[in-house]
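Visitor: everything below, folded, please.
(chains A and B)
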Amino acid sequence: MADFLYQLLLSLDATLRIATPLMLCAMAGIFSERSGIVDISLEGKLLSGAFVAATIAALTGSAWLGLGCAMLAGIFMSLIHGFACITHRGDQVVSGVAINILASGLTIVLGIALFKRGGQTPSLPREDRFTPIEWWGVDMMDSVPVLGTIYRQLISGHNMLVYVALLAVPLTALILYRSRFGLRLRAVGEVPEAVDSAGISVTWLRYRALIVGGALCGIAGAYLSIAQGGNFVREMSAGKGYIALAAVIFGNWKPLSAFMACLMFGFLEAATTRLEGVALPLIGEVPTQLMLAMPYVLTVLLLAGFIGKPRPPAAIGRPYHK
Amino acid sequence: MNTALELKNVSKSFGLVKANKNINLAVEAGSIHGIIGENGAGKSTLMNIIYGMHRADSGEIHFGGQKVDVRSSADAIEHGIGMVHQHFMLVPTFTVLENVMLGTEGGLMLRDGRGAALERLLHLSETYNLQVDPHALVSDLNVGQRQRVEIIKALKGGAKVLILDEPTGVLTPQEADQLFEILKVLRDDGVSVLLITHKLSEIMDITDTVSIMRQGEMVGHRKTSETSPQELAELMVGREVLLEVDRKPAKPAEVRFSAKNLGYTNAQGVVELEDINFEVRSGEILGVAGVSGNGQTQLMETLAGMRHLTSGSLNILGTEVTAADQTDPRIIRDLGVGHIPEDRHTHGLVLNFEARENMILGFQDTELAGSGKLFDYKTIQQNCEDKMAHYDVRPPNPRLNAKNFSGGNQQKIVIAREFSANPGVLLVGQPTRGVDVGAIEFIHKQLLELRDAGCAILLVSVELDEIMSLSDRIMVLCGGQNVGIIDSADADRQTLGLMMAGQRQEAAA
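Guide: Alright, predicted model coming up:
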């Protein structure tokens, strides 16, 4: 029993670690999609953030500087997206895909040019990364059965960016539903004409939403390359941006529901790793490939209609013409 | 005279199109000023300039005697201008209060300004009799209520000038009357009301002064008490207009179309039509009157084969149709029935198709589309050119998408298509909804010509004037039932009004 509990805890712990970049990207997606901009470029922003964070941290030896620059990189990518599809009213999906391709190519080219390691950045020493934070009193709590283990494994011992991601969720909800910016953001995604006629700039509002999203993606990127990992590897975002977008849709563009969807994806992946090579009762050993495919199979199944009818923002994907 | 708003030589072009040419306008404080003009005359553009949604290319705007620069809606709102747009600017997923707060939230967090906004909303709602529940979702409100929310929004900052762009287009007559009462209270409170419309009766009923626009120009200013609908119509159109239709007595011949105990019950089991009996003869128009939503739509769609009748029978040019027959619009059409649907955007046209393709919709299997298996675009083009010339569709460009025509010209495309098939029976729904005065005159004339050529016409319209001036006999629907059929010679507004309210008429037919 104790062993089972421990295994479960480890899985939940892994869930949280895997779900962190998803959560940040999903919140980014909520900001931009709620403003009416389709954000398929989450993937590209995540990848750019990861590359810039690792590069800057490797060059300067400062994780914090890496994080800051990763956020700027995410914002920069967002601004390209905005320039194409807000200012020039281009197609949002095309622009998003372009950004993903741009990020994928540029990170490799720049990586090779800078470090000559086939697109990888050098491994960062521990002190140049965001390392797990041991919470106060972990050793003391150890003497308490069960709770002590939970405290040590699940609550304490993550790097700072995990906690940032966990905070981002209620903060997004707060901004979206309780603030002036949030009210206008939701309005501009539904009926931009109403926002314009109320004397508010649709363009500036949508840019701001994209900027917030870009910064969040940058943080997610930094998490991949200088917190969870110790360097940048080519294509290291590996579809997480798309999964985050799927989580946004599952969550019906609501922060808390999208958060739950991220945890579900995280748990699936964690379970995959845990169950690798383990013989399950009744089923026997499940092929790894099948387990690895699970998140994607589930995405397709859920999107095919098992989650009820999603209600996207009414004006999403539609450029605003006066 | 105390001028609230004055425009001097305002011009605006979109590309090569001059939407407004040297417009001059003065609106007195505390008055209701009408602006009338046909669709596309530049009324909405002018209002959008005043409200800062568009910027004028040249000219000056003065508020309260001072020249101002209106660069955005925010500027206009600050100068005391409120606007109720033709298409409502409301977020359906928001509550009434949230919609009213948008733009004037009163603080970084919504909590900061919610109380004050609610108070202001209730105050306005009380003062001007704009009843609406502040916490209701806008998507749950009917059109009249939504308009009240729009008015509250426009007034929330203490507007001195209120612009209403075609406000009655979507309202029932009762709702329109309520709106006019509200406008009168506002006027008496010192607010200047600018009412944009293309309905002459509204201008005559409610305004103090009126300006007339035609093709981007201001062609006249009048005191309402010193003008007539006839004069206004001529100024709008630029030529003499027949407001009264010249209708020769009908010469009804054989019965072409009849319904016996017709009933329609929808999929939810709600009885929508019950026991409808009528007959339409060759060479006559049977008008169907009633308050909107009393079964007219269901009747039209059942007769056209879009819905299946559930009881009774129809006789169409000698063919008996009962509930057992699985009809569809194709079968009905092949029997010789033409149909001008009530909603031309969803049932009459494919908006993203070219005019020439729309001109053969429903006739795509006939020689209009060419004799071979494939479309012969030469024939299709020729067909469209001929019909556009004959029915005066403007611009006469067969390659233009249907959505790019004005409402009146879209309707002319539908009419050209249906009329030229020379139907034995014609079903006409709301033929002049959203159509300007010049086109209305044309459509009415065409309908009467078709009648005189022997067609049996069933006409459904919410415009009582239209029913009364075109029909030879009038059937009144109330609650999906036929209240009675009377000769139009015996019909006056009062009789019809009582019948529309469900009072049976024992006399006549």
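Visitor: CA only for contacts and neighbour counts going forward, please
Guide: Will do.
Visitor: which non-adjacent residue is nearest residue A:120?
Guide: In space, and not counting its chain neighbours, residue A:120 is closest to residue A:233: 4.8 Å by Cα to Cα, 6 or more residues apart in numbering or on different chains.
Visitor: could you count how many residues lie near the one you found?
Guide: Applying other Cα atoms under 10 Å in any protein chain shown, we find 23 residues neighbouring residue A:233.
Visitor: wait, is it part of a helix?
Guide: No: counting by DSSP: H, G, I helix; E, B strand; the rest coil, one finds residue A:233 to be coil, located in no helix.
Visitor: and it, what is it in contact with?
Guide: With contacts taken as Cα atoms under 8 Å, 6 or more residues apart in numbering or on different chains, residue A:233 has the following neighbours: A:119, A:120, A:121, A:225.
Visitor: filter these down to the ones in helices?
Guide: In helices, defined here by DSSP state H, there are no members of the contacts of residue A:233.
Visitor: residue contacts, the closest residue to residue B:393 other than its chain neighbours?
Guide: Using Cα to Cα, 6+ apart and skipping the chain neighbours, the partner closest in space to residue B:393 is residue B:409 (5.5 Å). Applying Cα under 8 Å, 6+ apart, one finds that residue B:409 lies in contact with B:393, B:394, B:439.
Visitor: buried ones among those?
Guide: B:393, B:439 (16 or more other Cα atoms under 10 Å in any protein chain shown).
Visitor: kindly report the residues of chain A close to chain B.
Guide: When proximity is defined as Cα under 8 Å from any Cα of the partner chain, chain A approaches chain B at A:178-181, A:183-184, A:187, A:190-191, A:193-200, A:322.
Visitor: what about those, which are in helices?
Guide: Counting by DSSP H, those place A:178, A:180, A:181, A:183, A:184, A:187, A:190, A:193, A:194, A:195, A:196, A:197 in helices.
Visitor: pull the helix or strand with minimum mean pLDDT from chain A.
Guide: Taking mean pLDDT, DSSP states H and E as the measure, strand A:279-280 is the helix or strand of chain A with the lowest mean score, a mean of 72.
Visitor: can you list contacts of that strand?
Guide: Looking at what lies outside strand A:279-280 - Cα under 8 Å, 6+ apart - the contacts are A:285, A:286.
Visitor: again, but for stretch A:65-85
Guide: Contacts of stretch A:65-85 from elsewhere in the structure, counted by Cα under 8 Å, 6+ apart, are A:44-46, A:48-57, A:90-92, A:95-96, A:99, A:206-207, A:210-219, A:221-222, A:319.
Visitor: now it: buried residues?
Guide: Taking 16+ other Cα under 10 Å as the basis for neighbour counts, the residues of stretch A:65-85 that come out buried are A:66-82, A:84-85.
Visitor: ok, what's across the strand from residue 285?
Guide: Using chain A. Beta-bridge pairing of residue A:285 under DSSP bridges involves residue A:279.
Visitor: can you look at chain B instead?
Guide: residue B:457.
Visitor: now do the same contact list for the closest residue to residue A:226 other than its chain neighbours.
Guide: With sequence-adjacent residues excluded and distances taken as Cα to Cα, 6+ apart, residue A:226 is closest to residue A:129, at 5.1 Å. Shown in contact with residue A:129 (Cα under 8 Å, 6+ apart): A:57, A:62, A:63, A:226, A:227, A:230.
Visitor: ok, now with 7 Å
Guide: Applying Cα atoms under 7 Å, 6 or more residues apart in numbering or on different chains, one finds that residue A:129 lies in contact with A:63, A:226, A:227, A:230.
Visitor: mind listing the helices for the stretch 101-250 of chain B?
Guide: Taking DSSP state H, counting those that start in this stretch as the test, the helices found in the stretch 101-250 of chain B are B:110-127, B:143-155, B:173-188, B:200-206, B:229-237.
Visitor: deepest of those helices, which one?
Guide: Among those, helix B:143-155 has the highest mean neighbour count (mean count of other Cα atoms under 10 Å in any protein chain shown), at a mean of 23.
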